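> turn this into a model:
(one chain, ligands or ions: 2)
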Amino acid sequence: MKLAVIGTGYVGLVSGVCFAQKGNEVICVDLEQYKIDMLNRAESPIYEPGIEELIALNLEAGRLEFTSDLADAVRRSDVVILAVGTPSLANGEANLSYIEQAAADVGKAMNGYKIIMTKSTVPVGTNEKIKDVVARHTSLSFDIVSAPEFLREGSAINDTLYPDRIIIGLDNTGLRETMVTLHQVFTDKIYVTDIRSAEMIKYASNAFLATKISFINEIANICEKVGADVTCVAEGMGMDKRIGSSFLQAGIGYGGSCFPKDTNALIQIAGNVDYEFKLLKSVVEVNTDQRFMIVSKLRESLGQLNGVSIGIWGLAFKPNTDDIREAPALEIVETLIQAGAIVKLYDPIAMDKFKERVDHPNIVWCSSPQQAAEKSDAVCLLTDWEEFKKVDLVQLGSILHKPVLIDGRNVFTEEQIQGSGLEYYSVGRPRMSGWNRDKVEV
Ligand SMILES: NC(=O)c1ccc[n+]([C@@H]2O[C@H](COP(=O)([O-])OP(=O)(O)OC[C@H]3O[C@@H](n4cnc5c(N)ncnc54)[C@H](O)[C@@H]3O)[C@@H](O)[C@H]2O)c1
Ligand SMILES: O=c1ccn([C@@H]2O[C@H](COP(=O)(O)OP(=O)(O)O[C@H]3O[C@H](CO)[C@@H](O)[C@H](O)[C@H]3O)[C@@H](O)[C@H]2O)c(=O)[nH]1
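Numbering: from 1, shown residues only. Ligands and ions are numbered 1, 2, ... in the order given. As a prediction, this is how the structure comes out:
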């Protein structure tokens with residue numbers, strides 16, 4: 001089929017490239033000319049493992065185009081996919097101005113019947129608004145389909161090519177076969193429902209995953225007080241198929257462009273119909289508090305933070321991405337700076353994006369984990385990048401001024417800490433001293 005994808009961010013670019021990979025003719029559109037110029041050189045404006053190879057392959061095969069000319073792309077397509085951002089407004093509600101603008105532009109450009117498919121995450125009822133916006137700009141016929149996206153950054157290509165399921169929301173059931181044919185190149189597990197339910201499935205899924213994370217983080221906090229180990233607790237819980245083992249990794253909480261935004265939006269969606277989503281409000285509150293656990297542990301270990309120097313390992317909200325949107329590192333670094341600490345920052349990929357957001361004389365930008373650690377009073381691991389798991393902990397203990405390692409993602413095992421000379425704090429596990437085999441009493 002001929003597809004136009006509006007927006008070349010994480011969702012639009014990856015979806016567009018994967019649809020091309022499966023033999024469709026795809027035109028990806030973005031307002032930002034610099035992104036289009038990069039993409040036409042097979043360079044990706046976002047960091048996503050494997051994306052540049054697939055862009056090059058599909059450009060060469062003539063199945064993929066990049067343009068800033070939305071109208072031309074719409075005219076040459078059967079299906080128009082909306083994949084623009086829906087960021088949070090100050091009150092937590094989703095900002096629909098980008099998607100409404102894109103819908104208006106699509107309506108103006110239409111030259112015949114189109115299927116308009118929304119991949120952006122939008123509150124329940126938004127696709128009806130999109131329908132109205134398009135209809136205001138064209139008298140031609142069209143259909144609206146909701147196809148929420150479930151990819152994760154860092155594994156976006158694999159998630160798109162091999163999804164657990166695809167959700168399709170329709171009001172015109174005559175489109176069912178076309179939509180199933182378009183998507184079954186990825187999986188047979190296609191669930192077709194009405195548009196409002198499809199919109200809700202996306203928010204409910206993210207809210208449920210965020211709930212699992214806040215739940216295990218609270219269990220972790222209790223484990224610390226009662227002397228249990230949350231990694232063992234999560235493993236034991238996860239063996240029950242009804243619970244499942246995924247998203248039970250305790251740490252400094254969730255960040256990213258989706259969970260924080262979508263949990264707040266769902267609280268608003270419920271509030272708009274006079275329903276207080278008490279459980280989800282607590283999930284958000286627990287997540288906010290969890291970030292500051294790192295700072296409490298630093299104070300517990302070092303006392304006051306004024307003038308101390310802290311190495312920070314990891315700035316991205318998770319590994320394998322350069323995305324720092326709502327990354328716990330943003331608030332943690334800001335809090336440490338306010339307390340008068342010198343922060344020595346290192347991330348394998350996200351340094352440039354972090355520099356664009358944060359600047360302060362107390363920041364030292366480092367080019368390796370070792371540089372961030374050297375002569376520091378402590379190191380805090382905030383993102384579970386593979387690179388950090390490979391660090392020689394004995395060497396780390398020897399280059400730190402005070403041998404304190406605070407692991408916000410429970411990356412290291414007790415065996416690795418033994419003999420390292422490090423004073424090791426993690427999340428929901430007993431504090432460990434690398435000087436001997438005994439756990440330190442809490
Ligand atoms: N990032 C994820 O992992 C993820 C996963 C699933 C769903 N989502 C949802 O998908 C949507 C997009 O997210 P994203 O992370 O890809 O966003 P993004 O901010 O990375 O990309 C959006 C792109 O759309 C472009 N754009 C905005 N208005 C436009 C217009 N009128 N015409 C053409 N281009 C326009 C922007 O320039 C930008 O490049 C959001 O609703 C998000 O919640 C994101
Ligand atoms: O057990 C876990 C799992 C994740 N996280 C954190 O949760 C955040 C989100 O992680 P992840 O879900 O892997 O990344 P995203 O790319 O934000 O993907 C989520 O958000 C997307 C946007 O809506 C959805 O499409 C995906 O299905 C959903 O997993 C990150 O900060 C992780 O560090 C934990 O703390 N513990």
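> torsion angles phi and psi at the residue of the stretch 101-250 of the chain at minimum distance from ligand 2?
Residue of the stretch 101-250 of the chain nearest ligand 2, by CB to the nearest ligand atom: Q249 (3.2 Å). For every residue, glycine as well, the C-beta is placed using N, CA and C. Per-residue torsions, Q249: phi -90, psi 110 (degrees, to the nearest 10).
> how is L3 assigned, secondary-structure-wise?
Following DSSP: H, G, I helix; E, B strand; the rest coil, the label given to L3 is strand.
> re earlier: right, and the residue of the stretch 101-250 of the chain closest to ligand 2 touches R409 too?
Yes. The pair Q249 and R409 passes the contact test of CB atoms under 8 Å, sitting 7.4 Å apart.
> can you list contacts of stretch 58-68?
Outside stretch 58-68, the residues that touch it by CB atoms under 8 Å, 6 or more residues apart in numbering are 8, 16-17, 20-21, 23-33, 36, 39-40, 42, 55, 73.
> among these, name the ones in helices.
Residues of the contacts of stretch 58-68 located in helices (DSSP state H): 16-17, 20-21, 33, 36, 39-40, 55, 73.
> centroid residue for this structure?
G256 (3.8 Å; CA atoms, centre = their mean).
> what sits closest to that residue if chain neighbours are left out?
What sits nearest to G256 in space, not counting adjacent residues and going by CB to CB, 6 or more residues apart in numbering, is F317, at 4.3 Å.
> can you tell me which of the ones in helices among the contacts of stretch 58-68 are buried?
Burial by neighbour count, 16 or more other CB atoms under 10 Å: within these this picks out 16-17, 20-21, 36, 39, 55, 73.
> farthest pair in those residues?
Spatially, the most separated pair among these is Q21 and I36, at 19.7 Å (CB to CB).
> neighbour count winner among Q249 and R409?
When Q249 and R409 are compared for neighbours, R409 comes out ahead with 22 against 18, by other CB atoms under 10 Å.
> gap between that one and S155?
To S155, R409 is 17 Å away according to CB to CB, to the nearest Å.
> same question for V192.
V192 is 26 Å from S155, by CB to CB.
> same check on D289?
28 Å.
> rewinding a little: wait, doesn't the residue nearest to the centre of the chain sit right on E326?
Yes. Counting by CB under 8 Å, G256 does reach E326; the two are 5.8 Å apart.
> give me the common contacts of those two.
Both G256 and E326 are contacted by F317, under the criterion CB under 8 Å, 6+ apart.
> check contacts around the nearest residue to L54 once chain neighbours are set aside.
Of all residues not flanking L54 in the chain, V17 sits nearest, at 4.8 Å (CB to CB, 6+ apart). Neighbour list for V17: 26, 28, 51, 54-55, 58, 64, 157 [criterion: CB under 8 Å, 6+ apart].
> not counting its neighbours along the chain, what's nearest K108?
Among residues not flanking K108 along the chain, H137 sits closest, at 4.7 Å (CB to CB, 6+ apart).
> surely that neighbour is in contact with G107?
Yes. Counting by CB under 8 Å, H137 touches G107, with 2.9 Å between them.
> from F208, how far out is the residue nearest to L82 when sequence neighbours are not counted?
Leaving aside its sequence neighbours, L82 sits nearest to T118 (CB to CB, 6+ apart; 4.8 Å). Distance of T118 to F208, computed by CB to CB: 21 Å.
> more neighbours: which of the two?
Legend: neighbour count by other CB under 10 Å for T118 and F208, higher for T118 (28 against 12).
> for that one, give me the pLDDT.
pLDDT for T118: 98.
> flag every residue of the protein that's near ligand 1.
Counting by CB under 6 Å from any ligand atom, the positions of the chain adjacent to ligand 1 are 6-12, 29-32, 35, 70, 83-86, 98, 101-102, 105, 120-121, 149, 151, 153, 257-258.
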